[in-house]
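Colleague: Can you look at this prediction? I've put the sequence above it.
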Amino acid sequence: MNLHALFAIAAQRNPRKVALHYAADGVTTTLTYAELYTAVDRLAVGLQQWGLHKGDRVAFFLGNRPEFVIAYLAVIKLGAVMVPVNLRYRRLEIGHIVADCAPRLVVTEREQLPVLEDAGHPQAGDLPLLVVEELAAWSSDAPLSVPLVVAEDLAVIMYTSGTTGRSKGAMLLHSNLLATITGLLAAWAWQADDTLLLCLPIFHTHGLVVGLHCALAAGATTLLRAKFEANVTLQEILSGKPTLFFAVPTIYVRLVEELRSAKPVDLHHMRLFCSGSAPLAAETFTAFQELTGHTILERYGMTETGMNLSNPYVGARVPGSVGTPLPGVMMRIVDKRHQDVKPGEEGELLVRGSNVFSGYWNAPEKTAESFSHDTLGQQWFHTGDIARQDAETGYVTLLGRRHELIISGGFNIYPREIEELLVTIPGIAEAAVVGVPHAEWGEVPVAYVVCTSEVDDNGLALFCRQQLASFKVPKQFHHVETLPRNAMGKLQKHLLK
């Protein structure tokens, strides 16, 4: 089994079903499953005639549009490897990825040509381009010679977000992606009559693997949108067409703002609202529930693993928790000596399963550092996330990244605890806490806050002292206009200092 074979099942079962509906700038494109896979096969032939072979890397530098989906499915059908590139990346980041994975071809759109030229491609003649506005010229009706593509072949190299430095290419096999898809199809009760409103970028794990992959595998319809616009997206949710909506916390914050100024809403047609890619504040969780009657399902995944844990589709969804392991995923929480901690105690979260990637491209040392073996010889991936499992429910709560842990005078400080407290204060929209060196205590916490109104620092410190241990109170408050985030809303704390 490979990804393309799984996706093709839906096309065979219901070829007339709408697979993709795309709307942008007043132009609408609708493709049935039969039309989608006809376009995929024609492009695959053209790419094969051009000289694309199994194992070749193909970089994708374009936004959400049907051509992205067509080109992606054609590439993996040939056994080639798709390398999505974040549209926000520029010279340094693009240059790093191109140098690292050495793609044979770049799939892009006219709008992005100036960015690629500024990055040194393609004016220097380094890389051939497939501009999607010219997709018809690359397609052919000739017979296709399909290579053998198996589950253990490489499908995607997904570069990490780079929240701590230079991004690494996570090698995801067909089997890794299949494991996440089948786990989510079962856990979230996907059906062929589902309709997913997808405005997340499909160059990212959340949009591609959680959204598009599952929709194609289920034979559902995807309403693919170029971007998120709060008012436009809310109106589409209210239209009654979607049944599923996946987003990052930043999007839910904006939807809550829109909902507070809207009339009472009727969302009985919606089956599931899901959040991931960054922690969802309990305040947002509760506000959305009060305004819509829907409880957001929070889940946890990584570029390297696809999805790991999820709150239940049927059952209690706990704010601040990411639930329990998905089908096929195993987990441990360990101390610094890699010994399991007791429920209720804190430690690093380790996972294993068919969903876990095969390693980092061209980085065997970093790969080796990311795994350890237990006494039975089983390999576990170190997520780098500090977690705690509830002794009664088994639900897991993430406390923060291991590298973000602040140790002050021997005490552990988890920034997320302070951040969630700060955003409950009127006038503070966002907050980020990091550790800075201190001669006496080793490290002390400082806070960066985005304010919507005037806030007194002395008052902030006093409020924190009333709620937190004294060593957790930020020693300084820096007022900033925005916090640095990547395309998926993930905070890039290494840029704060």
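Modeller: Now that the structure is in, tell me what you want to look at.

Colleague: Just want the most central residue of the chain.
Modeller: His206 (3.3 Å; CA atoms, centre = their mean).

Colleague: residues contacting it?
Modeller: Leu200, Phe246, Val248, Gly276, Ser277, Gly301, Met488 (CB atoms under 8 Å, 6 or more residues apart in numbering). Backbone N, C-alpha and C define where each C-beta goes, glycine included.

Colleague: let's see it at 10 Å
Modeller: Shown in contact with His206 (CB atoms under 10 Å, 6 or more residues apart in numbering): 198, 200, 246-248, 274-278, 299, 301, 303, 307, 488-489.

Colleague: which SS class is Thr397?
Modeller: Secondary structure, DSSP: H, G, I helix; E, B strand; the rest coil: Thr397 is strand.

Colleague: State the pLDDT value of it.
Modeller: As predicted, Thr397 sits at a pLDDT of 95.

Colleague: my read is Val209 is in a helix, agree?
Modeller: Yes - Val209: assigned to a helix according to three-state DSSP.

Colleague: Does it touch Thr182 like I think?
Modeller: No - counting by CB atoms under 10 Å, Val209 stays clear of Thr182, with 12.0 Å between them.

Colleague: more neighbours, these two?
Modeller: The residue with more neighbours, out of Val209 and Thr182, is Val209; 24 against 19, by other CB atoms under 10 Å.

Colleague: still on that earlier bit, show me the common contact partners of Val209 and Thr182, please.
Modeller: Listed as contacting both Val209 and Thr182 by CB under 10 Å, 6+ apart are Asn355.

Colleague: So for the longest helix that the chain contains, what gets flagged as buried?
Modeller: Assignment by DSSP state H gives helix 33-50 as the longest helix of the chain. Residues of helix 33-50 classed as buried: 33, 35-48 (neighbour count, 16 or more other CB atoms under 10 Å).

Colleague: Dump it to CSV, keeping only the CA atoms.
Modeller: What follows is helix 33-50, C-alpha atoms only, in CSV (Å, rounded to 0.1, in the frame of the first residue of the first chain):
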residue,chain,number,x,y,z
TYR,A,33,-12.6,12.7,-7.8
ALA,A,34,-12.7,11.5,-11.4
GLU,A,35,-11.6,14.9,-12.8
LEU,A,36,-8.9,15.2,-10.1
TYR,A,37,-7.3,11.9,-10.8
THR,A,38,-7.5,12.4,-14.6
ALA,A,39,-5.5,15.6,-14.1
VAL,A,40,-3.1,13.8,-11.8
ASP,A,41,-2.5,11.0,-14.3
ARG,A,42,-1.9,13.4,-17.2
LEU,A,43,0.6,15.4,-15.2
ALA,A,44,2.4,12.2,-14.0
VAL,A,45,2.9,11.2,-17.6
GLY,A,46,4.3,14.6,-18.5
LEU,A,47,6.7,14.6,-15.5
GLN,A,48,7.8,11.1,-16.4
GLN,A,49,8.5,12.1,-20.0
TRP,A,50,10.4,15.1,-18.7
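
Colleague: Could you check how far Met270 is from Phe288?
Modeller: 12 Å (CB to CB, to the nearest Å).

Colleague: for Thr32, that is, sorry about that
Modeller: Separation of Thr32 from Phe288 (CB to CB) stands at 34 Å.

Colleague: Have a look at the two and say which one is more surrounded.
Modeller: For Thr32 and Phe288, the more surrounded residue by other CB under 10 Å is Phe288, and the numbers stand at 21 against 17.

Colleague: Thanks a lot, catch you later.
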